[in-house]
Every structure is written in structure tokens, then in C-alpha cells.
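Peer 1: got a structure for you, letters missing:
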């Protein structure tokens, strides 16, 4: 018990000594002024630079709850922080590299507004806590250096009590030092993760924007997955690391220099700053353009990743062609281009790292010994005599000064080395910052698609619409201002001079209950018409206008779901990641399905109508999660797409070659079921057998003329009168009756094929009865 109480008293004494040492250190005017100046500068810079961006003006209320989808206009005000860069672009849409401190600072400020939106966020709190621990680590380093000198002084003076007291203080300082180092690493990792989360959420909101933005569909940059994944991760880790790697060495140099200046005197201080100046000049002269090299490396990494993903995505098609050797050749060429670039970076680094190591390790060490010798050989006067005890005291004092200054100089050299390494990392961060800035700038300045005109909600109408192929060029300052482009923000896309017009002056009006079939040879623009109908492409032409049907509440017999105005089924069937149930209700989520009172029995009836009733048992239930793109056959995927149409029951459905892998009998049954649900069909197909399920036929002529014909289908199974259709022109032509005769001849050919198809169906039914 006595030993325990003695140990407790010794620990209390050690703690008191540590507190007094720290208090004495902070009472020194140079140290106190340096700390106050650093903290004041940090606060001023923080308040002037980091203004909130987007929603981040206040603390987010959804951090402790499921994240709510933001409104599409949430980031529209941020475009002013991301002006379009007027530099030239490569063939892949990437900006050509450009150096410049002002450009980098502007881009960095724009990105930091996103990840540190205000002082009242977790990111700001982590940054402040990280800064406090960095300051504490520097203060502890100074205290350890002083204590090291005192321990050696007591050892040289044969002062056993003082030596043991110094060891006690040494172990007492070890506890906060170890904790501080661990917290610095932990806070840096947390800061990087928070930065990545903020940036990823911001890009997701911007990139996956709904109509009328649709940026994920219209972004002109290649390798966007590389930007959103690898580049965001690398940038977040680099920014979190570069802050500590810059602030800690800078603070060390500031405090260590102020401490050494008291010991070195005027001459030593001047020589110390001369050493700083020479080091900076040498290293800046030999530092390569690491930022541009890092940007090129990231772009090449993205191209290689995109190639690997392409092979995995199109594996079956490649296997049918037995194209493994060709794909290996392509991937090898892309990979070797990446490796050559990385090897060139390694070669460039050889000379730089050789010079850097020589300057930091040897030049600074030699300069350190010379600076230590200044107070001993020049500044202080030599004492010629004295008693033995006085000489021992002088020797002990000089030893303490030498050990303390040497410890500070070694720490100063280490801080200088880390600062030089941080400069190299900062140049690489500039490359990543430029890539992310170019992505955000491009996304912000994509013009919106024009909204459809208001109508009665049940009519699809196009007036004088030219179907043009939009330019794939990224937005530029000239195009955003309406220069060198036929269509500006009003149309939502930029039509360059070399864009081709597929269909000219298309005009038609469709009401509920009318069904339109669009046909024509390959490449005439059938899918382009579907894109304009769906709003993916803007209508062109000085008098062009589009009126689309609007969504409405469910009918009286179905009070659970609203009825969308339009639903589009593309050529290539898309299977979402999730369960079998989610395949049917896409793009609706499970939460909305259950919230609206969805029933499994209804989904079973829908699958039966799509001739997929066996899937539930075969695949293991509605909750089975598989890679449906590989599990389902081509015909099953197309029927699943039509099952979505049956589930959502839109007013109009655009079906773009979505039954090419389905047999004719099943195809006809699904078309009849869709019509029985009150869905008006707009079908794009080359199958003559589908014409009988429609009331009108739109034929695109092609041949570069942009002509088209619109006529009722004779003998249609629909009860709608052909005279109901309203259009400004049934035939659009520039050559008089020649095109009219050709259109009528083509209609007669199609009618003959329909009669022939009816005979074959009768024959098939007769064979089945046998």
C-alpha cells in the first residue's frame, strides 16, 4: 500500500512537471505569437475561401436518417463556381493539360466548397480537431527536444535525481505523444472518407439528374466511371493527406525556427533562412510537372478499365465471334500505353528523388552542424578559466544546448523533407483536381432539354419537328453563349454545322385509343423519332413544338398507382440489379411498391400475360437476386420489358423493336393485352405482321431526303375511325406526286404482306388443331 501511494505521488509530481513545462513553453513570446498568428490566419482563410455550395449552407438534417433525394434544381446555383474552360479538348473529350497556380487555386476552391460547405458540419469539425492535434504534436515535439537536452545535461553533470526526474517526464510525455499520433492518422482517414462521401453524393445528384437534365445520358466525356470512382477516391485521400503534410511541417518549421532563433542569434538565424531559400530554389528547378503526369495516368487507367468492363459486358457477343484474340490485342495495346507512361514517370523521378534526397538528408544535415556551431564557436565568448565546478557547469550547459538544438534541427530537417515531399504530392493533387473540375464543369453547363408544351394530357402531338442528330462535343464558352451553334439553351442541345437531319418537318397528332406503327429501312431515323418522343433529344426547327401526355391519378378501379403519360421500351432490354420483383416494377422501388399497397397476385397475373409465369418457381421466388442479364434469355428479357408496361399501364407506350426475339403468336397476344389495358401503342418495327395491331402507319423514306408518309392502315383491328387522326400533312415531300406514288405503292406492298401473314396464321392454326 505504501508503494502504491508513493507511486501515485510520483505520478502526480510528474504530471505537475509536465504541465509546468508546457505552460513555460507557451509563455515564451515567440512561441505564443507564432501559434496565435497561425490560428488567426487559418480562420481568416477559412471564412474567405470556403463558402457553402448547393445544400451545404447549413447542417444537413438527413445525416441520421435515410437520405432524401434532392430536387433537381438544387445545384443550379453552383454553376457560377464552375465556369467552362476554354481550353482545347482531345479526341476523347478530355481537357488538354494546363499549368498555373491561379487556375489550380480556383479549381480547388470550387471543389472545397462541396466537401467543406460550412463551419457547422462534421467535415469542418474533423478538420478543426485534426488541426488541434497537429498543433499539439508540434508543441510536444518542442517539449521533447527541450527535455532531451535536460536529461543529457543531468547525465553529464552526474545528477541522478534530475536524471530520474527527466526519465519520468519522458514517459509522461510519451502517453499524449502516442495518443496524438494515433488520432492524427485516425482523423485523416475519417476526413478522407467524409470528403469522398460529400463529393460522391454531389456528383450522383448532378450526374443522375432526371428530366429535363438527363446528364448521365448526354455527358460527352468518356470514362465517367473512372472520374466518379477512382478519381474521387484518390482526390479525397490526397486532399486529406496533403493538409496534414503541409500544415504539420509548416507549423514545425515556424515553431522550430522561432525556438532556434533564440539560441542561434542573428547570424545563425540569417544562415537558417539562407538554407531555406537555397533548398527551395534547387527543388523547384528540378521538380517535374507531376500534376500533368498524374492526370494523364488517371485518364489511361480509365481507358484500360473501360476496356475490361466492355469485354465483361459483351462477353457473349465476343464469344459468338470468337473474338478473344482480337480483344486481347486491344486490351494489351491499351495496357502497354499505360505502362509506358508509368515507366516514363519513374524515369523522371530518378533525377528528382536523387537531388531531393541529397538536399534534404545531407545538405540540411551539414547545414545543421554548422548552425549548431554558431552559438558555441562564434556567438558566445570563450571563458579562459574558472573553478572545476564552473567548468563542469559550462560544459553541461553547452551539452544541453547542443543536444536540444540538434534535436530541433533534426526535426526541422525532417519537417523540411516532408514539406518538399508534400510539394510533389500537391502537384499531383493539382492533376486530380483538374480532372474532377472538368467533370463538374461539363455537367453543370450541359443545357437543359426543352419542356413539352402543355396540352389536354391525353394527346401526343408533333408540329414541324426536324429530327437531327445532336453534336457529341462537350459544351464550350461559345456554345453556352449561343455562338457557333444553331440551337442554344432554348432547344437544350447544340446542333453543329455537320449534324445531319434525318426527318424533316414531322407533324402528327395522336389521341388515346390510336396506335401508330413507325417503319422504314435501316438507318432512316426510326429510333431517333422515339428519342424525340421520349424527350431524350430536343426537337429541331424554328417552329418545332412537342406536346406529350401527362401523368394522371389511377382510375377508379385502381386507386393505388398513378398512370404515367409515357413509357418507353428500348431495343436493348435492361435488367436492373435486384430481385425478380424489382425487375417487374422498375423504375419503381420496393418501398414505393409496398407503400402503395402492391399485391403479389397482381404481379403474377402480369407475368402470366407476358408468358413468364414460370419464372417465379424456376428462379426461387420473388425475392431471388441474380444477375438477370445473364440468367434470362433474349426473349425472356424482352417479355419482362413488356411486363413492366403492363404493370405501369401508361397512356402511351413507345415500343422500339422490343419483340424481335419473341415468337409471332406470343407477340400478338401481348399486343392485344396491352391494348386491352387502354395503352396506346407507338411501335417501331420492320415486322409487317404487327401492322394489324395499329391504326396508322408512319413510313420514313430515308435516302437523305428526310421525307415521310403518314396514313391509316386498311383493315385494322382497331375500332377507331381513321379520320380521327389530325395532322397538317399526311405526306411530306419536296418532289410532288412522285413521292406520293411511291408511298402508296409501299402501302399496297405492306397490305399484301399482311394478307399473306393472315393466310399463314390460318394455316398454322389448322396445323395445331390436327
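Peer 2: Looks like it arrived, so ask away. These numbers come from a predicted model, not from an experiment.
Peer 1: Sort out which residues of the helix or strand residue 350 falls within are buried, please.
Peer 2: Using DSSP states H and E, residue 350 maps to helix 324-357. For helix 324-357, burial by neighbour count (16 or more other Cβ atoms under 10 Å) applies to 327, 334, 338, 355-356. All C-beta atoms are positioned from the backbone trio N, CA, C, and that covers glycine.
Peer 1: One more: stretch 709-716?
Peer 2: For stretch 709-716, the neighbour count (16+ other Cβ under 10 Å) marks 709-713, 716 as buried.
Peer 1: quick revisit: counting by contacts, list what the helix holding residue 350 packs against.
Peer 2: If you count contacts as 3 or more Cβ pairs under 8 Å, 6 or more residues apart in numbering; DSSP states H and E, helix 324-357 packs onto helix 232-286, helix 290-313, helix 388-444.
Peer 1: which regions of the stretch 51-200 of the chain sit below the pLDDT cut-off?
Peer 2: Under the criterion pLDDT under 70, the flagged ranges of the stretch 51-200 of the chain are 51-76, 85-100, 156.
Peer 1: What of the stretch 401-550 of the chain?
Peer 2: 401-421, 471-499.
Peer 1: Quick one: the strands in the chain, in order.
Peer 2: Along the chain, counting by DSSP state E, strands occupy 459-468, 501-511, 516-520, 545-547, 566-569, 578-579, 625-626, 652-656, 680-684, 696-700, 708-712, 731-732.
Peer 1: how about those, which one is nearest residue 428?
Peer 2: Proximity to residue 428 (Cβ to Cβ) singles out strand 578-579 among these, at 38.7 Å.
Peer 1: ok, residues contacting the closest one?
Peer 2: Here strand 578-579 makes contact (Cβ atoms under 8 Å, 6 or more residues apart in numbering) with 590, 622-625.
Peer 1: Reformat the strands of the chain into TSV and put distance to residue 233 next to each item.
Peer 2: Listed next are the strands of the chain as TSV, based on distance: least, Cβ to Cβ, whole Å:
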stretch	distance to residue 233
strand 459-468	39
strand 501-511	42
strand 516-520	45
strand 545-547	41
strand 566-569	35
strand 578-579	25
strand 625-626	27
strand 652-656	37
strand 680-684	41
strand 696-700	47
strand 708-712	50
strand 731-732	53
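Peer 1: Figure out which of the ones you listed is closest to residue 134.
Peer 2: strand 578-579 (45.2 Å).
Peer 1: okay, now the nearest residue to residue 458 once chain neighbours are set aside: neighbour count?
Peer 2: Closest residue in space to residue 458, ignoring its immediate chain neighbours: residue 512 at 4.7 Å, by Cβ to Cβ, 6 or more residues apart in numbering. The number of residues packed near residue 512 is 16, by other Cβ atoms under 10 Å.
Peer 1: For residue 512, which residues are in contact?
Peer 2: Residue 512 touches 458-459, 549, 651, 678, 680, counting by Cβ under 8 Å, 6+ apart.
Peer 1: Drop anything exposed from those residues.
Peer 2: Buried members of the contacts of residue 512, counted by 16+ other Cβ under 10 Å: 458-459, 549, 651, 680.
Peer 1: Quick check, residue 163 in contact with residue 155.
Peer 2: Yes: counting by Cβ atoms under 8 Å, residue 155 is a contact partner of residue 163 at 5.5 Å.
Peer 1: For stretch 508-518, buried residues please.
Peer 2: So, applying 16+ other Cβ under 10 Å, buried residues of stretch 508-518: 508-512, 514-518.
Peer 1: again with stretch 699-708
Peer 2: Buried residues in stretch 699-708, counted by 16+ other Cβ under 10 Å: 699-702, 705-708.
Peer 1: can you list those in JSON lines and add distance to residue 212?
Peer 2: Output for these, formatted as JSON lines (distance: Cβ to Cβ, whole Å):
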{"residue": "699", "distance to residue 212": "30"}
{"residue": "700", "distance to residue 212": "26"}
{"residue": "701", "distance to residue 212": "31"}
{"residue": "702", "distance to residue 212": "30"}
{"residue": "705", "distance to residue 212": "31"}
{"residue": "706", "distance to residue 212": "26"}
{"residue": "707", "distance to residue 212": "30"}
{"residue": "708", "distance to residue 212": "26"}
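Peer 1: May I ask which of these comes out lowest in pLDDT?
Peer 2: Lowest pLDDT of these: residue 702, 77.
Peer 1: Would you agree that residue is in contact with residue 524?
Peer 2: Yes: when contacts are counted by Cβ under 8 Å, residue 702 is listed as touching residue 524 (3.4 Å).
Peer 1: rewinding a little: tell me which two in the contacts of residue 512 are the farthest apart.
Peer 2: The span of the contacts of residue 512, defined through Cβ to Cβ, is set by 459 and 678 at 15.0 Å.
Peer 1: how close does residue 153 get to residue 159?
Peer 2: Residue 153 sits at a distance of 8 Å from residue 159 (criterion: Cβ to Cβ, to the nearest Å).
Peer 1: These two: which has the busier surroundings?
Peer 2: residue 153 (23 against 15).
Peer 1: Distance check, the more buried one against residue 144.
Peer 2: As judged by Cβ to Cβ, residue 153 and residue 144 stand 15 Å apart.
Peer 1: swap in residue 679?
Peer 2: From residue 679 over to residue 144 (counting by Cβ to Cβ), the distance is 78 Å.
Peer 1: which residues does residue 439 contact?
Peer 2: Residue 439 neighbours (Cβ under 8 Å, 6+ apart): 203, 221, 224, 227, 231.
Peer 1: For residue 273, state which of these is nearest.
Peer 2: Among the contacts of residue 439, and counting by Cβ to Cβ, the member closest to residue 273 is residue 231, at 38.9 Å.
Peer 1: I figured that closest one hits residue 298, correct?
Peer 2: Yes: counting by Cβ under 8 Å, residue 298 is a contact partner of residue 231 at 5.8 Å.
Peer 1: which residues are common contacts for those two?
Peer 2: Common neighbours of residue 231 and residue 298 are listed as 432, 435 (criterion: Cβ under 8 Å, 6+ apart).
Peer 1: More neighbours: those two, which one.
Peer 2: Between residue 231 and residue 298, residue 231 has the larger neighbour count (other Cβ under 10 Å), namely 26 against 23.
Peer 1: could you list every residue that touches residue 154?
Peer 2: Neighbouring residues of residue 154 by Cβ under 8 Å, 6+ apart: 160, 162-163, 165-166.
Peer 1: List buried residues within those.
Peer 2: By 16+ other Cβ under 10 Å, the contacts of residue 154 give 163, 165-166 as buried.
Peer 1: Pick the one among the residues you listed closest to residue 685.
Peer 2: residue 166 (90.6 Å).
Peer 1: List the contacts of the closest residue to the closest one other than its chain neighbours.
Peer 2: Spatial nearest neighbour of residue 166, chain neighbours left out: residue 151 (3.9 Å); criterion: Cβ to Cβ, 6+ apart. Residue 151 makes contact with 163, 166-167, 170, according to Cβ under 8 Å, 6+ apart.
Peer 1: what's the answer for residue 216, then?
Peer 2: 207-209.
Peer 1: swap the cut-off to 7 Å and go again
Peer 2: Contacts for residue 216 (Cβ atoms under 7 Å, 6 or more residues apart in numbering) come out as 207-208.
Peer 1: Check residue 607 too.
Peer 2: 613, 615, 643.
Peer 1: The contacts of residue 151 in helices, which ones?
Peer 2: Among the contacts of residue 151, the members found in helices (DSSP state H) are 163, 166-167, 170.
Peer 1: quick one: residue 462 and residue 507, what's the gap?
Peer 2: According to Cβ to Cβ, residue 462 stands 6 Å off from residue 507.
Peer 1: Between these two, tell me which one has more neighbours.
Peer 2: Using other Cβ under 10 Å as the criterion, residue 462 and residue 507 rank with residue 462 on top: 24 against 20.
Peer 1: Residue 548 versus the more buried one, what's the distance?
Peer 2: Distance from residue 462 to residue 548, counting by Cβ to Cβ: 10 Å.
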